[in-house]
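Undergrad: quick check, what structure comes out for this input:
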Amino acid sequence: MSQPWDYIAKLVCIGDSGTGKSSLTIRLCEGRFSSSHDVTIGVEFGSRIVSVGPPASKGLGGVFDNAVHSRSPSIQPSSPSPGTSGSNELVASGLPSPPRRAQESQKKMKLSLWDTAGQETYKSITRSYFRGASGALLVFDITRPSTFTSCTQWLQDLRQIAEDGIVVILVGNKSDLAGDDSSSHQRVSRQAAEEWCRLNNIARYVETSAKSGENVECAFLEVAEMIYRNIEAGKYDLYDRRSGVKGYGVTGGLNPGPPKTVTLGINDAMRNGGNGLTGNCC
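TA: Below you'll find the model as predicted:
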């Protein structure tokens with residue numbers, strides 16, 4: 001029986017209250033959207049196993065396609081010798097067929113998703129869950145510019161607490177309500193968001209809709225793929241919990257079971273000392 005996943009990575013969803021962090025997590029883990037959702041108290045947890053690396057990463061496009069091509073160049077067929085017309089004649093003449101590249105096995109990563117409360121009241125609790133995270137989705141509401149302004153403080157807090165090199169992407173949620181850049185004066189423009197990413201050394205900006213599902217998987221998959229590239233580059237110690245990533249079987253092997261959501265309230269967090277790394281979570 002093959003292992004269910006190759007790596008497990010801890011991700012946090014952060015941002016102001018009401019930006020749709022919980023809806024994004026539920027959409028990814030359960031494939032549904034609820035128009036009404038209770039305000040998150042403390043943190044909520046979910047998980048999803050996704051494919052990373054080639055061949056699945058070829059569908060993400062852009063920088064990932066280039067990375068795949070640079071790591072796995074295709075084998076160019078040699079020119080047929082004079083008097084021959086290709087591989088059929090090579091086989092007929094008894095010569096060996098050109099070597100074929102071995103089929104790459106698809107790597108899988110279990111995303112351990114921690115959806116944190118955005119309210120100021122719970123800051124001292126939720127920020128403790130930043131420790132040991134290998135990736136983060138910084139979420140704002142496209143239709144509420146104030147939530148975009150708050151991203152600067154959220155990013156500062158994250159980088160102060162999380163490990164160096166944490167993968168972060170900026171997510172503009174509720175694109176279904178915003179229309180295009182010219183349809184609403186209240187809309188945060190893509191240009192402004194991308195410029196903010198450039199100034200703050202953020203890898204990517206993605207606009208999503210938890211309601212329609214647009215780009216939700218893409219956002220999480222891009223974070224997972226960046227983490228996988230870091231694993232391939234040897235940037236994580238898979239035996240160190242603080243890295244936020246570990247390999248299958250490193251601590252005796254874990255059976256992830258079906259994706260689930262568990263709500264942790266204030267009392268739970270305080271009993272755990274505010275530490276999001278209890279138990280077997282990365």
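Undergrad: what are the boundaries of the strands in the stretch 101-250 of the chain?
TA: 107-116, 135-141, 167-173, 204-207, 245-247 (DSSP state E, counting those that start in this stretch).
Undergrad: okay if I get those as TSV plus mean neighbour count and distance to Ala233?
TA: Every residue, glycine included, has its C-beta placed from N, CA and C. Listed next are those as TSV, based on neighbours: other C-beta atoms under 10 Å; distance: least, C-beta to C-beta, whole Å:
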stretch	mean neighbour count	distance to Ala233
strand 107-116	24	14
strand 135-141	26	15
strand 167-173	26	12
strand 204-207	19	18
strand 245-247	21	12
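Undergrad: look up phi and psi at Gly53.
TA: phi 80, psi 170 (degrees, to the nearest 10).
Undergrad: tell me how far the closest residue to it other than its chain neighbours lies from Ser57.
TA: What sits nearest to Gly53 in space, not counting adjacent residues and going by C-beta to C-beta, 6 or more residues apart in numbering, is Lys107, at 4.3 Å. From Lys107 over to Ser57 the distance is 9 Å, taken as C-beta to C-beta, to the nearest Å.
Undergrad: was I right about Glu163 contacting Arg242?
TA: Yes - counting by C-beta atoms under 8 Å, Arg242 is a contact partner of Glu163 at 5.9 Å.
Undergrad: any shared contact partners between the two?
TA: Arg131, Gly132 (C-beta atoms under 8 Å, 6 or more residues apart in numbering).
Undergrad: contacts only, for the residue nearest to Gly53.
TA: Asp6, Tyr7, Ser51, Val52, Gly53, Tyr228.
Undergrad: could you pull out the helices in the stretch 1-150 of the chain for me?
TA: Here the stretch 1-150 of the chain has its helices, by DSSP state H, counting those that start in this stretch, at 21-30, 63-71, 87-92, 123-126, 145-149.
Undergrad: mind telling me which of those helices the model trusts least?
TA: Between the helices of the stretch 1-150 of the chain, the one with the least mean pLDDT is helix 63-71; it has a mean of 39.
Undergrad: thinking again about what came up before, need the contacts of Lys107 in JSON lines with distance to Cys218, neighbour count and pLDDT, can you?
TA: Formatted as JSON lines, the contacts of Lys107 follow (distance: C-beta to C-beta, whole Å; neighbours: other C-beta atoms under 10 Å; pLDDT from 0 to 100):
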{"residue": "Asp6", "distance to Cys218": "21", "neighbour count": "19", "pLDDT": "94"}
{"residue": "Tyr7", "distance to Cys218": "20", "neighbour count": "24", "pLDDT": "95"}
{"residue": "Ser51", "distance to Cys218": "13", "neighbour count": "18", "pLDDT": "95"}
{"residue": "Val52", "distance to Cys218": "13", "neighbour count": "26", "pLDDT": "95"}
{"residue": "Gly53", "distance to Cys218": "16", "neighbour count": "25", "pLDDT": "93"}
{"residue": "Tyr228", "distance to Cys218": "15", "neighbour count": "25", "pLDDT": "96"}
